[in-house]
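Peer 1: Here is a sequence with its predicted model. Questions after.
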Amino acid sequence: MVKEPKIKGLNEVGRYAIGIQWAADHDSIYPLENLRRACPCNACHGRVTGEVPPASIRLRHLSRMGETGVFLGWADGHETLYTTAQLRALCRCAHCVAEPERPITDSRR
Ligand SMILES: [Zn+2]
Ligand SMILES: [Zn+2]
């Protein structure tokens, strides 16, 4: 198991994204739609596909839950709780996507 990463800062970025500043020297931006689609709750299973109504990707509430959780309350009443490890794994910045131990392309032919 990976140790739960620590969050230094959490903020909304405009109306469509949130930003997280990690204690371990990394900043992430998460579009709200991605966070809703990857919602790990028992109803969504991290696989929300198809059209997402606007109210489902509008944030009503954003807060930290202790050291290792982030709570998102959506305008449609849905609630999402992410662990920091889940959020860290969702980062799609150039640095994270280019991680050598997780190659994007399959080299087999
Ligand atoms: Zn959900
Ligand atoms: Zn990243």
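Peer 2: Everything's here; your move. Residues are numbered from 1 along each chain as shown. Ligands and ions are numbered 1, 2, ... in the order given.
Peer 1: can you pull out the helices in the protein?
Peer 2: Ranges of helices in the chain, per DSSP state H, are 32-37, 84-90, 94-97.
Peer 1: between the ones you listed, which gets nearest to ligand 2?
Peer 2: Checking these against ligand 2 by Cβ to the ion gives helix 94-97 as the closest, at 3.4 Å. Bear in mind the C-beta positions are built from the backbone N, C-alpha and C, glycine included.
Peer 1: Show me which residues of this structure are close to ligand 1?
Peer 2: 39, 41, 44 (Cβ under 5 Å from the ion).
Peer 1: can I assume the second one is in contact with W74?
Peer 2: No: at 11.1 Å, C41 and W74 do not qualify as touching, with contact defined as Cβ atoms under 8 Å.
Peer 1: Give me the common contacts of those two.
Peer 2: Shared contacts of C41 and W74, defined by Cβ atoms under 8 Å, 6 or more residues apart in numbering, comprise T80.
Peer 1: The two: which has the busier surroundings?
Peer 2: Comparing C41 with W74 by other Cβ atoms under 10 Å, the one with more neighbours is W74, at 19 against 12.
Peer 1: which ones are touching that one?
Peer 2: W74 makes contact with 36, 55-60, 80, according to Cβ under 8 Å, 6+ apart.
Peer 1: got a pLDDT number for it?
Peer 2: W74 is assigned a predicted lDDT (pLDDT) of 98.
Peer 1: again with the one 3 residues further on
Peer 2: The per-residue pLDDT reported for G77 equals 97.
Peer 1: Next up, phi/psi of it, please.
Peer 2: Backbone torsions for G77, taken as degrees, to the nearest 10, come to phi 100, psi -10.
Peer 1: what separates the residue nearest the centre of the chain from P54, distance-wise?
Peer 2: Nearest to the mean C-alpha position of the chain, counting by Cα atoms, centre = their mean, stands L87 at 4.1 Å. Applying Cβ to Cβ, to the nearest Å, the value for L87 to P54 is 23 Å.
Peer 1: And I7, by the same measure?
Peer 2: Distance of I7 to P54, computed by Cβ to Cβ: 27 Å.
Peer 1: Compare these two (neighbour count), which wins?
Peer 2: Legend: neighbour count by other Cβ under 10 Å for I7 and P54, higher for I7 (20 against 10).
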